[in-house]
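# Give me coordinates for this.
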Amino acid sequence: MIKILIVDDHAVLRSGLAMLLNAQGDMTILAQAGSAAEAMELLKQVKPDLIILDINLPDKNGMELAEGILRKYGLVKVLFLTMHDEPEYVSRVLEIGASGYMLKNAADTELINAIRSVMHGEFALHRGLTDNIARQKYRKFSKENIAVAPPKASLSKRESEVLCLITLGHTQQEVADQLGISIKTVETHKSNIMDALGTRKRSDLVKYALAHGLINAYQP
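Numbers count the residues shown, from 1 in each chain. Below you'll find the model as predicted:
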């Protein structure tokens, strides 16, 4: 069961989101908070697996709150749910080590799949943020602001395809279906990619793909 804490200053959104997620057989809402201070108090009482967090809170920026939470409660995962679609926010999310970034206009199924992906160690990125204009901005921003180490070994064509689909927010099952391979093969490619890039962090894979323009070069 995925235990969730919702942090958003809009009560109606919190209630609707709680109703949606509680209806899933593998999710339960432990608590809801309308501010950063309330969230920190609740974290003294409950131990969520995942925090769904907005950026605009009345008493603190959500990015700052997430950074503090991840520093103090390292095992919890943070998934941002916001209206901000600027690439700078996504880059900041990668830097602080959050597990995903979704927009509030996401379909119910997209959000639910994102939550499950995050809990499987994947980085969830809203697909609406991956059009060509956004990708160009991400690549420019990443090259200027994020130091990305060159790979220790070159990636094969198939590994590059897997990396691009992961960055575009696809689940491992979706990657397998689109490429006509098994999930086990996807996992093997993902492990090989991590070895080549010298990292075990999902967010570093996303950084690399965005910084080196692999998404723009990928043609499904």
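# mind checking the SS state of Ile29?
Counting by DSSP: H, G, I helix; E, B strand; the rest coil, the backbone at Ile29 sits in strand.
# Burial check on the closest residue to it other than its chain neighbours, number of neighbours?
Nearest residue to Ile29, sequence neighbours excluded (CB to CB, 6 or more residues apart in numbering): Ala18, at 4.5 Å. C-beta: built from backbone N, CA, C; applies to glycine. A count of neighbours around Ala18, defined by other CB atoms under 10 Å, yields 18.
# For the helix or strand hosting Ala18, name the packing helices and strands.
Using DSSP states H and E, Ala18 falls within helix 11-22. Using 3 or more CB pairs under 8 Å, 6 or more residues apart in numbering; DSSP states H and E as the contact test, the elements touching helix 11-22 are strand 2-7, strand 27-33, helix 108-119.
# circling back: what's near enough to touch the residue nearest to Ile29?
Ala18 is in contact with Ile6, Ile29, Gln32, counting by CB atoms under 8 Å, 6 or more residues apart in numbering.
# Likewise for Met119?
Residues in contact with Met119 (CB under 8 Å, 6+ apart) are Ile2, Asp49, Leu50, Lys77.
# and the two most separated of those?
Ile2 and Lys77 (9.5 Å; CB to CB).
# re the thing from before, next step: the contacts of Met119 restricted to strands.
Members of those lying in strands (criterion: DSSP state E): Ile2, Leu50, Lys77.
# you'd agree the first one is up against Ile29?
It stands for Ile2. No. With contact defined as CB atoms under 8 Å, Ile2 does not reach Ile29; the gap is 9.9 Å.
# between these two, who's got more neighbours?
Neighbour count, other CB under 10 Å: between Ile2 and Ile29, Ile29 has more, with 20 against 17.
# Tell me how far that one lies from Ile52.
With distances taken as CB to CB, to the nearest Å, Ile29 is found 9 Å from Ile52.
# hang on, the earlier thing: residues bridging contact with Ile2 and Lys77, i.e. touching both?
Residues touching both Ile2 and Lys77 (CB under 8 Å, 6+ apart): Asp49, Leu50, Met119.
# which other residues reach the particular helix or strand that has Ala176 in it?
In this structure, Ala176 sits in helix 172-179 according to DSSP H and E. Contact with helix 172-179 is made by 120, 122, 158, 161-162, 165-166, 170, 182-183, 185-187, 190, 220, as judged by CB under 8 Å, 6+ apart.
# So which of these belong to helices?
In helices, defined here by DSSP state H, the members of the contacts of helix 172-179 are Arg158, Glu161, Val162, Leu165, Ile166, Ile183, Thr185, Val186, Glu187, Lys190.
# Which helix or strand in the chain has the lowest average pLDDT?
helix 132-145 (a mean of 47; mean pLDDT, DSSP states H and E).
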